[in-house]
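Peer 1: below are the sequence and a predicted model; questions follow.
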Amino acid sequence: MSSNEALFRALDSVIDPELRRPITELGMVGDARLDGTRAEVTILLTIAGCPLRSTIEADVRAALLTLPGVDQVAVALDVMDPQQRAALREQLASRRTPFSDPASLTRVIAVASGKGGVGKSSITANLSTALAARGFKVGLIDADVHGFSIPSLMGINQNPTRVDDMILPPVAHGVKVISIGMFLDSNQPVIWRGPMLHRALEQFLSDVYFGDLDFLFLDLPPGTGDIAISVSQLLPNSELLVVTTPQSTATEVAERAGTIALQTKQKVIGVVENMSHLQMPDGSRMEIFGSGGGAKLSESLSDQLGYPVPLLAQLPLEEALREGSDQGTPVVLSAPQSPSAMVLSALAESLGQRPRGLAGRSLPMSIQ
Ligand SMILES: Nc1ncnc2c1ncn2[C@@H]1O[C@H](COP(=O)(O)OP(=O)(O)OP(=O)(O)O)[C@@H](O)[C@H]1O
């Protein structure tokens, strides 16, 4: 192998943080040459202001320093020219996964709740993170237009990068995340009407480069608004996970959010009860929001939908979960041994048992 080839092979280990593929495959390595013990490379960034330029540079440097005989590395950063960018876009476009295709193997899970503040976004962020930590390829769309809390729960303050008309989602804790909030001026109040939401979601599904995913999570706005209908139209294979607290008022509205599945023909995979109890120092449990809401919801949804809708998990009210969310590191990573993290990890584990596949799906068929 020539010394230049050796440099390229070493750079195969450098993964672009947004596109999640080796920079060598993405055409991001310009010149690479070895001059004595000094490696010199030019890295072609997708855009001039690439927010991750220093990460890429550091990874390139580290990869080249692992080569025997290299003790100095010079990295020059340049920007792709329009042809190089077009080639990259073509390459990526051919790999874009149409999640709405009935034959898509991505498992799409929309997380719904009746009312706000029951922990829907925290649960979505944690399940995505826990599955990514288990090696699954996970995407997360924050469609909660009233909340936009996902970026801060995932610790993202970076905007998505655009390669012409393609949007590259920031990656946090191994999850590709996109939020309508990333495209808004935070001081600008926006009144979201159904068609705007539909269009925004449609654009996320077509213009955001998620690549091939095992799981795509959607954090829905609370309630039974238009977006739930849009999700079912744009992603007919999507399933619903319903979050509630044990309180009867929360359960009643959550039931409406769940029975929307009758209309949209989505499958409700289960109920998660959050804030079930608070563990007291003396070992007792305080049921601040009452008890039984999750079980009641699971029963009534099973009755109305005509198939079992299990109560999948009961999460305690816990400081560690709130702290993790505030710090941008979901509790499954920030305090994995805490009771709430263990419940969330177990739930992710069970979802991971059936990541994707065509079993049980109706496939488009034509009889010749
Ligand atoms: N089990 C829990 N223990 C402690 N705090 C929690 C728990 N679940 C959620 N929280 C906290 O409650 C607040 C609301 O949670 P979150 O944003 O996830 O709710 P939501 O249902 O998505 O709300 P919305 O739809 O209004 O955005 C957050 O500050 C979160 O950290």
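Peer 2: Yes, it's here. Just so you know, these numbers come straight off a predicted model, no measurement behind them.
Peer 1: okay, buried residues for stretch 29-46 please.
Peer 2: By 16 or more other Cβ atoms under 10 Å, the buried positions in stretch 29-46 come out as V29, A32, L34, A39, E40, V41, I43, L44, L45, T46. Where you see a C-beta, it was placed from the backbone N, CA and C, and this is true even at glycine.
Peer 1: pretty sure the third one contacts N4?
Peer 2: Yes: because the distance of 6.7 Å satisfies Cβ atoms under 8 Å, L34 is recorded as touching N4.
Peer 1: show me what contacts S302?
Peer 2: Contact analysis of S302 by Cβ atoms under 8 Å, 6 or more residues apart in numbering lists P308, V309.
Peer 1: kindly format the C-alpha coordinates of the helix or strand harbouring it as PDB.
Peer 2: Using DSSP states H and E, S302 maps to helix 293-305. Below are the C-alpha coordinates for helix 293-305, written out as PDB (Å, rounded to 0.1, in the frame of the first residue of the first chain):
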ATOM      1  CA  GLY A 293     -54.500   6.100  35.700                       C
ATOM      2  CA  GLY A 294     -52.200   4.100  33.500                       C
ATOM      3  CA  ALA A 295     -54.000   0.800  34.100                       C
ATOM      4  CA  LYS A 296     -57.400   2.400  33.600                       C
ATOM      5  CA  LEU A 297     -56.200   3.900  30.300                       C
ATOM      6  CA  SER A 298     -54.700   0.600  29.100                       C
ATOM      7  CA  GLU A 299     -58.100  -1.100  29.900                       C
ATOM      8  CA  SER A 300     -60.300   1.500  28.200                       C
ATOM      9  CA  LEU A 301     -58.000   1.700  25.100                       C
ATOM     10  CA  SER A 302     -58.000  -2.100  24.800                       C
ATOM     11  CA  ASP A 303     -61.800  -2.100  25.000                       C
ATOM     12  CA  GLN A 304     -62.300   0.600  22.500                       C
ATOM     13  CA  LEU A 305     -59.600  -0.500  20.000                       C
END
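Peer 1: so how far is it from its chain's centroid?
Peer 2: 28 Å (Cα atoms, centre = their mean, to the nearest Å).
Peer 1: what does whichever helix or strand comes after that helix contact?
Peer 2: Next along the chain after helix 293-305, taking DSSP H and E as the criterion, comes strand 311-314. Residues outside strand 311-314 that contact it (Cβ under 8 Å, 6+ apart) are 241, 269-273, 276-277, 294-295, 297-298, 343-344, 346-347, 350.
Peer 1: pLDDT on strand 311-314, on average?
Peer 2: Regarding strand 311-314, the rounded mean pLDDT is 96.
Peer 1: same check, this time on stretch 118-135
Peer 2: So the average pLDDT for stretch 118-135 ends up being 96.
Peer 1: could you list the domains of this protein?
Peer 2: If you go by automatic domain parsing, the domain ranges for the chain are 3-93, 107-352.
Peer 1: just tell me which of the ones you listed ends up closest to D101.
Peer 2: Proximity to D101 (Cβ to Cβ) singles out domain 107-352 among the domains of the chain, at 8.6 Å.
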